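Asks: the following block contains a protein sequence and its predicted model.
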Amino acid sequence: MNNAMIISNSRCRDRRQGMPFFCQYHLGIKPGRRVNERRAVENGQPRYVDRYPGHLMLCTVGILLLSILDACLTLNILAGGGEEVNWFMAILIEDSVEKFIVIKLLLTALALILLVIHHKVQMTAKIYVWHLKYMILAGYGTLIGYELVLLSVMAK
């Protein structure tokens with residue numbers, strides 16, 4: 001009879017643990033068991049998620065850093081006698097260098113936020129928006145290489 005009382009008492013208790021102050025699941029350090037999508041979605045339909053893959057965030061940070069480097073190298077090229085080809089950025093530079101940097105980075109950051117939100121949207125049969133982000137990263141890398149070549153030619 002004693003064993004029956006112990007079993008019934010253990011079933012009535014709330015067996016859930018209390019929420020710790022430092023929770024690895026909520027901070028994104030330790031992923032949960034639901035890694036894949038929970039529901040099947042028709043092909044071509046956008047799929048929005050709460051958590052984004054690490055490689056996507058790394059690509060986003062890389063694009064932002066290359067955008068900052070692009071702004072600095074552009075200002076160095078202009079100081080050496082170069083000319084800004086983009087008319088919108090040329091107007092901003094003539095007005096104020098601070099305004100040029102802020103608006104350039106703001107436009108880049110807003111575009112990246114939209115691309116991250118829609119990273120699972122299918123643009124064509126095999127190309128998703130996240131592929132576009134990697135193309136932007138490669139394009140910025142090529143642009144930085146070109147600007148470094150221009151600076152080395154100007155230094156001679």
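Replies: Perfect, I can see it now.
Asks: from now on I want contacts and neighbour counts done on CA atoms only, so please keep to that.
Replies: OK.
Asks: can you point out the buried residues in stretch 125-133?
Replies: Residues of stretch 125-133 classed as buried by neighbour count (16 or more other Cα atoms under 10 Å): 128, 129, 130, 131, 133.
Asks: can you check stretch 94-110 too?
Replies: Residues 100, 101, 104, 105, 108, 109 are the ones in stretch 94-110 that count as buried (16+ other Cα under 10 Å).
Asks: report the two of these separated the most.
Replies: Farthest apart among these by Cα to Cα are 100 and 109. That separation is 14.1 Å.
Asks: hmm, residue 64 and residue 140 touching each other?
Replies: No: here residue 140 does not reach residue 64: they are 9.7 Å apart, not a contact under Cα atoms under 8 Å.
Asks: contacts only, for the nearest residue to residue 73 once chain neighbours are set aside.
Replies: Leaving out its chain neighbours, the residue that sits closest to residue 73 by Cα to Cα, 6 or more residues apart in numbering is residue 147, at 6.6 Å. Residue 147 is in contact with 70, 73, 74, 77, counting by Cα atoms under 8 Å, 6 or more residues apart in numbering.
Asks: so which of those belong to helices?
Replies: Per DSSP state H, helices hold the following members of those: 70, 73, 74, 77.
Asks: of all these, which comes closest to residue 94?
Replies: In terms of Cα to Cα, no member of these lies closer to residue 94 than residue 74, at 13.2 Å.
Asks: any idea how far residue 66 is from the closest one?
Replies: Applying Cα to Cα, to the nearest Å, the value for residue 74 to residue 66 is 12 Å.
Asks: over to residue 112?
Replies: Computed as Cα to Cα, the residue 112 to residue 66 distance reads 13 Å.
Asks: do the same with residue 129
Replies: 19 Å.
Asks: can you name the next helix or strand after the host helix or strand of residue 111?
Replies: Following DSSP states H and E, one finds residue 111 within helix 97-117. With elements assigned by DSSP H and E, the helix or strand that comes after helix 97-117 is helix 129-155.
Asks: tilt between that next one and helix 97-117?
Replies: 150 degrees (axes from the mean of the first three to the mean of the last three Cα atoms, to 10 degrees).
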